[in-house]
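J.: Starting from these lines, generate the structure:
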Amino acid sequence: EVHLVESGGGLVQTGGSLRLSCAVSGLPHDDYAIGWFRQPPGDEREGVACLNVRDGSTYYVDSVEGRFTISRDNAKNTVYLQMNDLKPEDTAVYYCAYEGRPVFERLCIIPLQKYWGEGTLVTVSS
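T.: Okay, here's the model as predicted:
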């Protein structure tokens with residue numbers, strides 16, 4: 001079973017930066033997609049940034065394109081989300097999720113995620 005543990009959330013002012021980390025264990029193979037999702041207060045969960053580890057392709061939701069970057073440290077089995085120029089609308093609980101072998105070229109499809117972390121709260125003050 002894949003286990004995911006997020007860290008790095010916190011309170012930051014508008015325009016600030018944070019880096020989220022997702023420590024991954026129990027990976028069955030190296031062909032998988034993984035990514036970050038978020039759920040704002042009172043709103044639905046959405047895919048933010050996802051990575052196909054095998055071919056390096058990525059997906060970013062339009063609202064974070066150019067501000068957020070997903071990356072992976074192979075040696076540490078950790079996936080990161082670098083978040084720059086944060087805005088109040090980025091406030092949410094951020095979750096790391098594992099899809100396994102990608103089903104489609106499009107990433108960050110919520111029903112396809114097999115394992116989820118507990119989440120870490122990011123609050124951006126105005």
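
J.: which residue is nearest the centroid of this structure?
T.: W36 (1.5 Å; CA atoms, centre = their mean).

J.: surely it meets A92?
T.: No - taking CB atoms under 8 Å as the definition, W36 is not a contact partner of A92, at 10.2 Å. All C-beta atoms are positioned from the backbone trio N, CA, C, and that covers glycine.

J.: Please determine how far the residue nearest to the centre of the chain is located from R54.
T.: The gap separating W36 from R54 is 18 Å, by CB to CB, to the nearest Å.

J.: which helices and strands sit right next to the strand or helix carrying the residue nearest to the centre of the chain?
T.: W36 is part of strand 33-39 when elements are defined by DSSP states H and E. Under the contact definition 3 or more CB pairs under 8 Å, 6 or more residues apart in numbering; DSSP states H and E, strand 33-39 sits against strand 18-25, strand 46-52, strand 68-73, strand 78-83, strand 92-100.

J.: could I get these as a markdown table with mean pLDDT, distance to Y59 and mean neighbour count?
T.: As requested, the helices and strands packed on strand 33-39 are exported to a markdown table (pLDDT from 0 to 100; distance: least, CB to CB, whole Å; neighbours: other CB atoms under 10 Å):
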| stretch | mean pLDDT | distance to Y59 | mean neighbour count |
| --- | --- | --- | --- |
| strand 18-25 | 98 | 16 | 18 |
| strand 46-52 | 98 | 5 | 22 |
| strand 68-73 | 97 | 9 | 16 |
| strand 78-83 | 98 | 13 | 21 |
| strand 92-100 | 97 | 11 | 22 |
